[in-house]
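Visitor: Structure of the sequence below:
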Amino acid sequence: MKRMLAFIGAILLFLGVDLAIAPRTASQTASKLEVVHVGILQMMTHPALDQIHRGVVAGLKEEGLTTGKNLKIDFLNAQGDQSNLKIMSQQLANKDSLLVGIATPAAQALANSAPKTTPIILAGISTPAASGLVKSEAHPGGNITGTSGLNPVSKQFALLHAIMPRAKKIGIIYTSSDHGGQTNAQAFAQVVKRAGLIPKMYTIANTNDLQQVANQMVSQVDAIYAPQDNGVASAMKTLVNVANNANIPVFPCAETMMPDGGLTSYVISQQEMGRIAGVMAAKVLRGKNPATYPVATVKSGYYMINEKEMRKLHIKIPAAIVRAARQHGKVIK
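Guide: Residues are numbered from 1 along each chain as shown. Okay, the predicted model is just below:
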């Protein structure tokens, strides 16, 4: 009997050791509230992307995952360098249970580096399916899902037209290598065409080109639309300076571009996109399948107006829009 008990004890000891050294899945780790390792890769430092980052952290916290308690975030910023993206995405893929990509190039780098068993959450990607990251927004079909940041171009054009009803030629500027910016620009151009107006497209290779291209553009258009484009957003002040000298208003697509001289916009919250991505990340860590988890979008937005630009350009904004911005949106004084 003693030999039998000793034998059983040895088996239990063996199983106990085996279980202790067995690797845990991301969902097991999250459900037991042990420390979860999440890797976040951001394309560059930029106010909109920084807001998304803060939103991701807030969304994780909302779901009970807090840094310093049960969450370890490995955050890397490529500072706009494609070679950095490749190296950093591999570093994160080698050590984290779940990955978050902020901006399309960062998400694509993670998708190329990570095993297909590692979940990837998109944060603010304009067109996930067109970018090859998911099969479709409704049915991602793989290890990737998250949030899409497609802009409400119809409402943004309606705003521009309400303020400048006589405008005929609308300048649209974007970076040739920025897939999200190009997609946003083309979508806005289609809305302009459907309204019977003329979209005039201008591209830059990088921010160094912007002043020269902007000088050409302001002599040919009545208003300018600045899409969700990292390059244009980074050089927004340059664009606005050129446009102001020609008395041409700039209508940006994003909240974070407004303080640099945008006249007005109808925007969606970048931080809210990040927050939803963070919530989705937590649910995936707890076992939700990214393949069947639809990509989420932020549907509601709000008006922003820049009163300094209104005075500078002597442009009147309809009272109803000003009232909506003051009551439910944001006003830059």
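
Visitor: Which of the three states applies to the residue nearest to the spatial centre of the chain?
Guide: Centroid-nearest residue in the chain: Gly124, 2.2 Å away (criterion: CA atoms, centre = their mean). At Gly124 the chain is in strand, as set by DSSP: H, G, I helix; E, B strand; the rest coil.

Visitor: Could you measure from it over to Gln270?
Guide: Here Gly124 is placed at a distance of 6 Å from Gln270 (CB to CB, to the nearest Å). No exception for glycine: its C-beta is placed from N, CA and C like everyone else's.

Visitor: again, but for Ala93
Guide: Taken as CB to CB, the span from Ala93 to Gln270 is 25 Å.

Visitor: Among those two, which residue is more densely surrounded?
Guide: Counted by other CB atoms under 10 Å, Ala93 and Gln270 do not tie: Gln270 has more neighbours, with 27 against 20.

Visitor: check contacts around the nearest residue to the more buried one once chain neighbours are set aside.
Guide: With CB to CB, 6 or more residues apart in numbering as the criterion, Gln270 has its nearest non-adjacent residue at 4.0 Å, and that residue is Gln51. Taking CB atoms under 8 Å, 6 or more residues apart in numbering, we find Gln51 in contact with 255-256, 269-271, 274.

Visitor: which among the residues you listed gets closest to Val35?
Guide: Taking CB to CB as the measure, Gly274 is the one of these closest to Val35, at 21.8 Å.

Visitor: For that closest one, grab the count of nearby residues.
Guide: Gly274, neighbours per other CB under 10 Å, totals 30.

Visitor: Backbone dihedrals for it, please?
Guide: Main-chain torsions, Gly274, degrees, to the nearest 10: phi -70, psi -40.

Visitor: separation between it and Asp260?
Guide: Gly274 is 21 Å from Asp260, by CB to CB.

Visitor: Strands of the stretch 1-150 of the chain, residue ranges please.
Guide: Ranges of strands in the stretch 1-150 of the chain, per DSSP state E, counting those that start in this stretch, are 36-42, 71-77, 98-102, 120-125, 144-148.

Visitor: contact partners of the next helix or strand after the last one?
Guide: If I follow you right, that is strand 144-148. Later in the chain than strand 144-148, the nearest helix or strand by DSSP states H and E is helix 153-163. Residues from elsewhere that reach helix 153-163, judged by CB under 8 Å, 6+ apart: 167, 170, 184, 187-188, 191-192, 195, 223, 225, 249, 251, 253, 263-266, 301, 303, 315-318, 321.

Visitor: Many thanks, I have nothing further to ask.
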